[in-house]
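Chemist: Dropping the sequence and predicted coords here.
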Amino acid sequence: MSDPQESDERSLINTRWQRTLEVLSVIGPPLTVATALLVYFGWARTDAQSKAMGLDVSLFGYTVQDFILRSIQSLFQPLAWLVVIGLLWLMLDRAVSRLLEAARYRKLIHTIATVVLILGFAYAAVMWIVIVTRPGQTVLYAPFLIAAGLLVGAWGLSVRRRAAEPAARALRITPRALERALVFTLVTLLLFWGTSDFAQALGRGAALDYQERSHLLPTAVVYSKERLAVTAPNVREESAGTESAPLFRYTGLRLLVVSGGRIFLLNDGWTLAQGRVVVLPDNGSIRVEYGNPAAD
(Lines give C-alpha, C1' and ligand atoms only; values in the text may rest on other atoms or scores of the structure.)
Protein backbone atom coordinates (compact mmCIF):
# COMPACT_ATOMS: atom_id res chain seq x y z
CA MET A 1 0.00 0.00 0.00
CA SER A 2 1.19 3.49 -0.80
CA ASP A 3 1.73 6.02 1.91
CA PRO A 4 -1.07 8.68 1.92
CA GLN A 5 1.47 11.36 2.80
CA GLU A 6 3.67 10.37 -0.15
CA SER A 7 0.63 10.41 -2.41
CA ASP A 8 -0.26 13.90 -1.22
CA GLU A 9 3.30 15.08 -1.88
CA ARG A 10 3.19 13.68 -5.40
CA SER A 11 -0.15 15.37 -5.99
CA LEU A 12 1.30 18.66 -4.74
CA ILE A 13 4.32 18.31 -7.04
CA ASN A 14 2.09 17.55 -10.02
CA THR A 15 -0.03 20.58 -9.21
CA ARG A 16 3.03 22.79 -9.05
CA TRP A 17 4.27 21.44 -12.37
CA GLN A 18 0.89 22.10 -13.95
CA ARG A 19 0.94 25.67 -12.68
CA THR A 20 4.48 26.13 -13.97
CA LEU A 21 3.49 24.88 -17.42
CA GLU A 22 0.47 27.18 -17.38
CA VAL A 23 2.69 30.15 -16.54
CA LEU A 24 5.15 29.22 -19.29
CA SER A 25 2.32 28.83 -21.79
CA VAL A 26 1.08 32.30 -20.87
CA ILE A 27 4.52 33.97 -20.88
CA GLY A 28 5.77 32.28 -24.04
CA PRO A 29 3.36 33.72 -26.62
CA PRO A 30 3.68 37.34 -25.37
CA LEU A 31 7.49 37.10 -25.65
CA THR A 32 7.16 35.73 -29.16
CA VAL A 33 4.68 38.43 -30.09
CA ALA A 34 6.91 41.14 -28.55
CA THR A 35 9.90 39.96 -30.62
CA ALA A 36 7.79 39.83 -33.77
CA LEU A 37 6.46 43.33 -33.02
CA LEU A 38 10.02 44.66 -32.65
CA VAL A 39 11.05 43.18 -36.01
CA TYR A 40 7.89 44.38 -37.75
CA PHE A 41 8.14 47.81 -36.15
CA GLY A 42 11.75 48.21 -37.31
CA TRP A 43 10.87 47.08 -40.83
CA ALA A 44 7.75 49.28 -41.13
CA ARG A 45 9.59 52.32 -39.76
CA THR A 46 12.54 51.82 -42.12
CA ASP A 47 10.24 51.11 -45.07
CA ALA A 48 8.26 54.34 -44.56
CA GLN A 49 11.47 56.34 -44.10
CA SER A 50 13.01 54.82 -47.23
CA LYS A 51 9.95 55.55 -49.35
CA ALA A 52 9.86 59.16 -48.13
CA MET A 53 13.51 59.49 -49.22
CA GLY A 54 12.85 57.92 -52.63
CA LEU A 55 14.46 54.57 -51.79
CA ASP A 56 13.42 50.99 -51.22
CA VAL A 57 14.07 49.31 -47.89
CA SER A 58 15.63 46.30 -49.63
CA LEU A 59 18.57 48.47 -50.78
CA PHE A 60 19.91 48.74 -47.22
CA GLY A 61 20.24 44.98 -46.75
CA TYR A 62 19.18 45.12 -43.11
CA THR A 63 19.02 41.88 -41.13
CA VAL A 64 16.44 40.86 -38.51
CA GLN A 65 18.84 41.98 -35.78
CA ASP A 66 19.21 45.38 -37.49
CA PHE A 67 15.44 45.87 -37.55
CA ILE A 68 15.21 44.98 -33.84
CA LEU A 69 17.98 47.40 -32.92
CA ARG A 70 16.38 50.19 -34.98
CA SER A 71 13.06 49.67 -33.21
CA ILE A 72 14.24 49.47 -29.59
CA GLN A 73 15.04 53.16 -29.26
CA SER A 74 11.56 54.21 -30.41
CA LEU A 75 9.70 51.48 -28.50
CA PHE A 76 11.63 51.64 -25.23
CA GLN A 77 9.28 54.06 -23.45
CA PRO A 78 6.02 52.50 -24.77
CA LEU A 79 7.19 49.02 -23.75
CA ALA A 80 8.25 50.32 -20.32
CA TRP A 81 4.79 51.83 -19.83
CA LEU A 82 3.17 48.56 -20.91
CA VAL A 83 5.18 46.68 -18.28
CA VAL A 84 4.18 49.20 -15.60
CA ILE A 85 0.51 48.97 -16.61
CA GLY A 86 0.74 45.17 -16.63
CA LEU A 87 2.17 45.13 -13.09
CA LEU A 88 -0.55 47.50 -11.86
CA TRP A 89 -3.19 45.30 -13.49
CA LEU A 90 -1.78 42.20 -11.74
CA MET A 91 -1.88 44.02 -8.39
CA LEU A 92 -5.47 45.08 -9.03
CA ASP A 93 -6.49 41.57 -10.08
CA ARG A 94 -4.96 40.07 -6.92
CA ALA A 95 -6.74 42.65 -4.78
CA VAL A 96 -10.05 41.75 -6.46
CA SER A 97 -9.36 38.05 -5.86
CA ARG A 98 -8.81 38.70 -2.15
CA LEU A 99 -12.08 40.64 -1.97
CA LEU A 100 -13.91 37.77 -3.68
CA GLU A 101 -12.91 35.52 -0.82
CA ALA A 102 -15.31 37.53 1.36
CA ALA A 103 -18.86 36.60 0.37
CA ARG A 104 -20.26 40.02 1.28
CA TYR A 105 -18.35 41.71 -1.59
CA ARG A 106 -19.34 39.28 -4.32
CA LYS A 107 -22.52 41.06 -5.37
CA LEU A 108 -20.83 44.47 -5.50
CA ILE A 109 -17.87 43.16 -7.48
CA HIS A 110 -20.25 41.32 -9.81
CA THR A 111 -22.07 44.59 -10.54
CA ILE A 112 -18.86 46.59 -11.04
CA ALA A 113 -17.40 43.90 -13.30
CA THR A 114 -20.56 43.97 -15.41
CA VAL A 115 -20.20 47.73 -15.88
CA VAL A 116 -16.49 47.37 -16.70
CA LEU A 117 -17.06 44.72 -19.37
CA ILE A 118 -19.86 46.74 -20.98
CA LEU A 119 -17.78 49.92 -21.02
CA GLY A 120 -14.70 48.09 -22.34
CA PHE A 121 -16.47 46.38 -25.22
CA ALA A 122 -18.52 49.50 -26.01
CA TYR A 123 -15.36 51.63 -26.15
CA ALA A 124 -13.72 49.13 -28.51
CA ALA A 125 -16.83 49.16 -30.73
CA VAL A 126 -16.91 52.98 -30.84
CA MET A 127 -13.23 53.18 -31.83
CA TRP A 128 -13.81 50.56 -34.52
CA ILE A 129 -16.69 52.64 -35.92
CA VAL A 130 -14.42 55.71 -35.96
CA ILE A 131 -11.88 53.81 -38.07
CA VAL A 132 -14.50 52.34 -40.43
CA THR A 133 -16.07 55.76 -41.08
CA ARG A 134 -12.65 57.18 -42.08
CA PRO A 135 -11.35 54.66 -44.63
CA GLY A 136 -8.89 57.07 -46.26
CA GLN A 137 -7.37 58.39 -43.04
CA THR A 138 -5.02 56.89 -40.48
CA VAL A 139 -6.31 57.34 -36.95
CA LEU A 140 -3.10 57.02 -34.96
CA TYR A 141 -3.27 54.86 -31.81
CA ALA A 142 -6.83 53.74 -32.63
CA PRO A 143 -5.89 50.02 -32.96
CA PHE A 144 -4.12 50.20 -29.58
CA LEU A 145 -7.22 51.76 -28.02
CA ILE A 146 -9.43 49.03 -29.50
CA ALA A 147 -7.09 46.38 -28.08
CA ALA A 148 -7.18 48.10 -24.67
CA GLY A 149 -10.98 48.14 -24.73
CA LEU A 150 -11.10 44.44 -25.59
CA LEU A 151 -8.68 43.55 -22.80
CA VAL A 152 -10.59 45.61 -20.23
CA GLY A 153 -13.88 44.07 -21.34
CA ALA A 154 -12.43 40.54 -21.25
CA TRP A 155 -11.02 41.14 -17.77
CA GLY A 156 -14.39 42.47 -16.59
CA LEU A 157 -16.05 39.34 -17.97
CA SER A 158 -13.51 37.16 -16.15
CA VAL A 159 -14.08 38.96 -12.83
CA ARG A 160 -17.84 38.75 -13.32
CA ARG A 161 -17.61 34.98 -13.73
CA ARG A 162 -15.39 34.65 -10.68
CA ALA A 163 -17.84 36.71 -8.66
CA ALA A 164 -20.78 34.51 -9.62
CA GLU A 165 -22.16 32.06 -7.12
CA PRO A 166 -20.41 28.64 -7.16
CA ALA A 167 -23.64 26.89 -8.13
CA ALA A 168 -24.22 29.25 -11.03
CA ARG A 169 -20.63 28.83 -12.20
CA ALA A 170 -21.01 25.04 -12.12
CA LEU A 171 -24.04 25.20 -14.43
CA ARG A 172 -22.31 27.48 -16.94
CA ILE A 173 -20.11 25.68 -19.46
CA THR A 174 -17.94 28.00 -21.55
CA PRO A 175 -15.12 27.13 -23.95
CA ARG A 176 -12.64 29.27 -22.01
CA ALA A 177 -9.57 28.11 -23.96
CA LEU A 178 -11.13 28.95 -27.33
CA GLU A 179 -12.41 32.26 -25.99
CA ARG A 180 -8.98 33.29 -24.69
CA ALA A 181 -7.32 32.18 -27.92
CA LEU A 182 -9.70 34.32 -29.98
CA VAL A 183 -9.15 37.37 -27.76
CA PHE A 184 -5.39 36.84 -27.84
CA THR A 185 -5.40 36.51 -31.64
CA LEU A 186 -7.56 39.61 -32.13
CA VAL A 187 -5.46 41.70 -29.74
CA THR A 188 -2.26 40.51 -31.48
CA LEU A 189 -3.61 41.54 -34.89
CA LEU A 190 -4.59 44.93 -33.49
CA LEU A 191 -1.11 45.38 -32.03
CA PHE A 192 0.46 44.66 -35.42
CA TRP A 193 -1.97 47.09 -37.06
CA GLY A 194 -1.26 49.85 -34.55
CA THR A 195 2.47 49.16 -34.68
CA SER A 196 2.42 49.54 -38.46
CA ASP A 197 0.66 52.93 -38.31
CA PHE A 198 2.90 54.20 -35.50
CA ALA A 199 6.09 52.95 -37.18
CA GLN A 200 5.18 54.53 -40.52
CA ALA A 201 4.49 57.86 -38.83
CA LEU A 202 7.88 57.71 -37.09
CA GLY A 203 9.58 56.70 -40.36
CA ARG A 204 8.15 59.68 -42.24
CA GLY A 205 9.14 61.89 -39.32
CA ALA A 206 12.69 60.52 -39.45
CA ALA A 207 12.93 61.41 -43.15
CA LEU A 208 11.82 64.97 -42.39
CA ASP A 209 14.35 65.07 -39.56
CA TYR A 210 17.14 64.24 -42.03
CA GLN A 211 15.96 67.14 -44.18
CA GLU A 212 16.15 69.59 -41.29
CA ARG A 213 19.31 68.22 -39.65
CA SER A 214 21.37 66.82 -42.50
CA HIS A 215 24.13 69.28 -41.60
CA LEU A 216 24.62 67.36 -38.34
CA LEU A 217 25.50 64.11 -40.12
CA PRO A 218 29.20 63.13 -40.37
CA THR A 219 30.99 64.63 -43.35
CA ALA A 220 32.30 62.26 -46.02
CA VAL A 221 35.08 62.80 -48.57
CA VAL A 222 35.24 60.14 -51.28
CA TYR A 223 38.39 59.24 -53.18
CA SER A 224 38.21 57.12 -56.32
CA LYS A 225 40.62 56.19 -59.11
CA GLU A 226 37.74 56.36 -61.58
CA ARG A 227 35.33 59.20 -62.20
CA LEU A 228 32.09 58.44 -60.33
CA ALA A 229 29.99 61.09 -62.14
CA VAL A 230 28.09 62.09 -59.01
CA THR A 231 25.50 64.69 -60.07
CA ALA A 232 23.91 65.40 -56.68
CA PRO A 233 23.56 69.10 -55.77
CA ASN A 234 26.45 70.73 -53.87
CA VAL A 235 28.78 67.79 -54.54
CA ARG A 236 32.12 68.94 -55.93
CA GLU A 237 34.49 66.82 -57.99
CA GLU A 238 38.21 67.65 -57.81
CA SER A 239 41.25 66.06 -59.35
CA ALA A 240 43.68 64.96 -56.64
CA GLY A 241 46.03 62.82 -58.73
CA THR A 242 48.19 62.97 -61.83
CA GLU A 243 47.77 61.93 -65.44
CA SER A 244 49.61 58.67 -64.81
CA ALA A 245 47.79 58.03 -61.52
CA PRO A 246 44.38 59.68 -61.68
CA LEU A 247 42.50 60.23 -58.45
CA PHE A 248 39.18 61.98 -58.01
CA ARG A 249 37.95 63.54 -54.79
CA TYR A 250 34.29 64.23 -54.03
CA THR A 251 33.25 66.61 -51.26
CA GLY A 252 29.92 68.01 -50.07
CA LEU A 253 28.62 64.63 -48.89
CA ARG A 254 27.19 63.40 -45.59
CA LEU A 255 27.12 59.86 -44.25
CA LEU A 256 23.65 58.36 -43.94
CA VAL A 257 24.43 54.72 -43.14
CA VAL A 258 26.76 51.86 -44.06
CA SER A 259 24.83 48.62 -44.53
CA GLY A 260 24.56 45.60 -46.80
CA GLY A 261 27.96 46.19 -48.44
CA ARG A 262 26.98 49.71 -49.51
CA ILE A 263 27.68 53.25 -48.34
CA PHE A 264 24.70 55.62 -48.41
CA LEU A 265 25.55 59.32 -48.63
CA LEU A 266 23.47 62.49 -48.73
CA ASN A 267 24.49 65.72 -50.42
CA ASP A 268 24.88 68.94 -48.47
CA GLY A 269 21.54 70.74 -48.19
CA TRP A 270 19.64 67.50 -48.83
CA THR A 271 15.85 67.82 -49.10
CA LEU A 272 13.06 65.35 -49.74
CA ALA A 273 12.07 67.14 -52.93
CA GLN A 274 15.44 67.78 -54.60
CA GLY A 275 18.06 65.80 -52.67
CA ARG A 276 19.85 62.72 -53.93
CA VAL A 277 21.03 59.63 -52.12
CA VAL A 278 24.44 58.55 -53.38
CA VAL A 279 24.99 54.79 -53.07
CA LEU A 280 28.59 53.52 -53.35
CA PRO A 281 30.01 50.00 -52.97
CA ASP A 282 31.82 49.27 -49.73
CA ASN A 283 34.29 46.86 -51.31
CA GLY A 284 37.63 48.71 -51.22
CA SER A 285 37.32 50.21 -54.70
CA ILE A 286 36.89 53.64 -53.15
CA ARG A 287 38.23 55.32 -50.03
CA VAL A 288 36.02 57.41 -47.77
CA GLU A 289 37.17 59.82 -45.07
CA TYR A 290 34.60 60.70 -42.41
CA GLY A 291 34.72 63.82 -40.30
CA ASN A 292 33.02 65.50 -37.38
CA PRO A 293 30.23 67.83 -38.57
CA ALA A 294 31.07 70.21 -35.71
CA ALA A 295 34.40 70.91 -37.41
CA ASP A 296 32.69 72.51 -40.42
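Modeler: It's in. Numbering: from 1, shown residues only.
Chemist: my guess is residue 290 is in a strand, correct?
Modeler: Yes: with DSSP: H, G, I helix; E, B strand; the rest coil as the criterion, residue 290 is assigned to a strand.
Chemist: Contact partners for it?
Modeler: By CB atoms under 8 Å, 6 or more residues apart in numbering, the contact set of residue 290 is 218, 219, 220, 255. All C-beta spots, glycine's among them, are computed from the backbone N, C-alpha and C.
Chemist: which secondary element of the chain has the worst mean pLDDT?
Modeler: Using mean pLDDT, DSSP states H and E, the weakest-scoring helix or strand in the chain turns out to be helix 166-171, at a mean of 48.
Chemist: So for the very next helix or strand once past it, what gets flagged as buried?
Modeler: Next helix or strand after helix 166-171 toward the C-terminus (DSSP states H and E): helix 176-213. For helix 176-213, the neighbour count (16 or more other CB atoms under 10 Å) marks 183-184, 187-188, 190-204, 206-207, 210-211 as buried.
Chemist: just stretch 245-259 next, same as before
Modeler: Within stretch 245-259, judged by 16+ other CB under 10 Å, the buried ones are 248, 249, 250, 252, 253, 254, 255, 256.
Chemist: Go through these and flag which are in strands.
Modeler: Secondary structure from DSSP state E places 248, 249, 250, 252, 253, 254, 255, 256 of the buried residues of stretch 245-259 in strands.
Chemist: residues in contact with residue 149?
Modeler: 120, 121, 122, 123, 124, 125, 127.
Chemist: hmm, try it at 6 Å
Modeler: Shown here is residue 149, whose contacts under the criterion CB atoms under 6 Å, 6 or more residues apart in numbering are 120, 123, 124.
Chemist: Can you report phi and psi for residue 226?
Modeler: Note on residue 226: its backbone torsions stand at phi -120, psi 150 [degrees, to the nearest 10].
Chemist: Can you name the residues bridging to the nearest residue to it once chain neighbours are set aside?
Modeler: Distances taken as CB to CB, 6 or more residues apart in numbering place residue 248 nearest to residue 226, at 7.3 Å, with adjacent residues excluded. Counting by DSSP bridges, residue 248 forms beta bridges with residue 224, residue 239.
Chemist: Could you double-check that residue 248 lies in contact with residue 225?
Modeler: No: in this structure, residue 248 is not within contact of residue 225 by CB atoms under 6 Å, at 7.5 Å.
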